[in-house]
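1. coords below, sequence missing:
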Ligand SMILES: NC(=O)c1ccc[n+]([C@@H]2O[C@H](COP(=O)([O-])OP(=O)(O)OC[C@H]3O[C@@H](n4cnc5c(N)ncnc54)[C@H](OP(=O)(O)O)[C@@H]3O)[C@@H](O)[C@H]2O)c1
């Protein structure tokens, strides 16, 4: 099988996609041979963390769609998860908490692969969890990182990536671009109530990706046999970077009513979000996330989603069409 390998190119950290036949990973053989349980599995067992969240639930859907594996959803609240996933015999709901080692041990027992996600605002570097995974003989960890994490020491994903590289368990780093689903989550209230995008992003262009594409890639990487994806980093983007002004234009055309883009100065952004009840810590993260590309330039686009899934990535216009009902502003009577 010929696949694309992401290589780090020189001190600038520029990535190139190079077709390459992959090598067997020595770390992987060591880890697998240390795990007698794997010899007796007829099906691949995969633990998905963050399973009730945006990405985790999409990963579970993508894994279920592929079929043929035993999927464990690691959740904090089993009854809440059962409302969402209950009744599907292919999915096992297990208690899991990033702060509870005993639950981690129980959830990791007999697992072949781990989909690891860092929930927003968690400050852990997952060193202990990675050690536990190694002790349990987990053969592959797929970590949901973020585009550019390798160059940005200030984001927590950078440290977690380093922990994984040093952790002794074969890993794959998924580095997605800006989620299109931010429009149905963090940016949603502003969009539907005030018909606008309100972000201090200036004219910077952002690389974008649909979470469904991230989940499809994750499902492939978690289930493909062999060591092809070990020690690889995949940056996941759609083809077309856009500024928020361009996204507002596309929303305007698709929704059939004017959506504006306002780029406030940092102080106005902070004050407005505080008035709306957003926590200071989250506002600062949003400021960093949306102001940074003004200074660092547009991040690179990659063909990796297509390379790994065989499907062209969803573009923003398609995302808006797929989620039109959700993105439509609420009627005037519901506005605050
Ligand atoms: N937004 C973007 O544009 C973007 C782009 C690239 C990468 N990312 C990365 O994507 C990640 C966020 O993924 P997401 O959007 O799927 O997050 P999310 O929707 O907020 O989901 C977070 C998940 O983590 C679970 N969780 C929180 N605290 C936990 C704990 N102590 N123990 C166990 N589970 C816990 C939550 O469970 P409960 O249901 O119990 O709360 C939920 O399932 C972040 O690392 C972010 O940096 C985001």
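-> Thanks, I have the structure now. As the structure is a computational prediction, the values presented were derived from the model and not from experiment. Numbers count the residues shown, from 1 in each chain.

2. Please report how far residue 231 lies from residue 116.
-> 15 Å (C-beta to C-beta, to the nearest Å). To be clear about C-beta, it is placed using only N, CA and C from the backbone, and glycine gets the same treatment.

3. So which of those two has more stuff around it?
-> residue 116 (25 against 18; other C-beta atoms under 10 Å).

4. What number of residues are in the vicinity of residue 179?
-> Counted with other C-beta under 10 Å, the neighbours of residue 179 add up to 19.

5. ok but residue 123 is inside a helix, no?
-> No - Residue 123: not assigned to a helix; according to DSSP: H, G, I helix; E, B strand; the rest coil it is coil.

6. and the closest residue to residue 167 other than its chain neighbours, what helix or strand is that in?
-> With sequence-adjacent residues excluded and distances taken as C-beta to C-beta, 6 or more residues apart in numbering, residue 167 is closest to residue 130, at 4.0 Å. Applying DSSP states H and E as the criterion places residue 130 in helix 127-135.

7. list the helices and strands that helix packs on?
-> helix 101-108, helix 156-166 (3 or more C-beta pairs under 8 Å, 6 or more residues apart in numbering; DSSP states H and E).

8. I'd like these as JSON lines, with distance to residue 323 and mean pLDDT appended.
-> Below are those laid out as JSON lines (distance: least, C-beta to C-beta, whole Å; pLDDT from 0 to 100):
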{"stretch": "helix 101-108", "distance to residue 323": "32", "mean pLDDT": "97"}
{"stretch": "helix 156-166", "distance to residue 323": "26", "mean pLDDT": "96"}
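
9. which one of those helices is the most hemmed in?
-> Mean neighbour count (mean count of other C-beta atoms under 10 Å) peaks for helix 156-166 among the helices and strands packed on helix 127-135, with a mean of 18.

10. hmm, who's touching that helix?
-> Residues from elsewhere that reach helix 156-166, judged by C-beta atoms under 8 Å, 6 or more residues apart in numbering: 118, 122-123, 125-127, 130, 141, 143, 145-146, 149-150, 152, 171, 173, 231, 233.

11. Filtering the residues you listed by proximity to the ligand, which remain?
-> Near the ligand, taking C-beta under 6 Å from any ligand atom as the test, the members of those found are 118, 146.

12. Please spell out the ChimeraX selection for the buried subset of the contacts of helix 156-166.
-> A single ChimeraX command selects the buried members of the contacts of helix 156-166 (16 or more other C-beta atoms under 10 Å):
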select :118,125,126,130,141,143,145,146,149,150,171,173,231,233
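
13. just the helices in the stretch 101-250 of the chain please.
-> 101-108, 127-135, 156-166, 188-194, 211-223, 244-255 (DSSP state H, counting those that start in this stretch).

14. Contacts only, for whichever residue of the stretch 51-200 of the chain sits closest to the ligand.
-> Relative to the ligand, the nearest point of the stretch 51-200 of the chain is residue 53 (2.0 Å; C-beta to the nearest ligand atom). Counting by C-beta under 8 Å, 6+ apart, residue 53 touches 117, 119.
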